[in-house]
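A.B. asks: got a sequence here, can you model it:
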Amino acid sequence: MLSLLKSKDAPHDDSDESDDSDMDEEDHKVPQTAEYYQSLWLPKTFSEHHSRIACHMSSGEGECRDIQQRLEKGTTDSGNLKIELFEYELQYAKKVQTTKEKFCAVLALSLAVSNDDYWMHDNENP
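C.D. replies: Residues are numbered from 1 along each chain as shown. Sure thing, here's the model as predicted:
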């Protein structure tokens, strides 16, 4: 699996903004070159870890309906619950046997947490 990581120095992609100018959409896109992107080859296990962890962290997949409903609220309680889920997933990643699997699990957890970070700003746990 190949992932492209955008460099900090890459120009911003303004294609999402509505613009009435005569410029084509292609003029706004950041070219996918080595100057702006770095490639990262990940093993297939990353996809497996990420799909499981992301679903667990975002919607409580695999948890009882009560937990899933609490996660949907978006309150301080759901933020505290997300912290507990994060701790559980981190403990899982630590128990994985191989270094490659651990890397994939921790990277998947980091990506899942960074994509859904509202709970970091509003919770009681430090």
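
A.B. asks: for stretch 52-67, measure first residue to last.
C.D. replies: 17 Å (C-alpha to C-alpha, to the nearest Å).

A.B. asks: just the buried residues of that stretch, please?
C.D. replies: 52-54, 56-57, 60 (16 or more other C-beta atoms under 10 Å). Just so you know, the C-beta spots here come from the backbone N, C-alpha and C atoms, and that holds for glycine as well.

A.B. asks: could you point out which element follows the worst-scoring helix or strand of the chain on mean pLDDT?
C.D. replies: Using mean pLDDT, DSSP states H and E, the weakest-scoring helix or strand in the chain turns out to be strand 2-6, at a mean of 57. Using DSSP states H and E, the next helix or strand after strand 2-6 towards the C-terminus is strand 37-41.

A.B. asks: separation between residue 83 and residue 75?
C.D. replies: 13 Å (C-beta to C-beta, to the nearest Å).

A.B. asks: likewise for residue 89?
C.D. replies: For residue 89 relative to residue 75 (C-beta to C-beta), the value is 21 Å.

A.B. asks: of those two, which one has the most company?
C.D. replies: residue 89 (21 against 14; other C-beta atoms under 10 Å).
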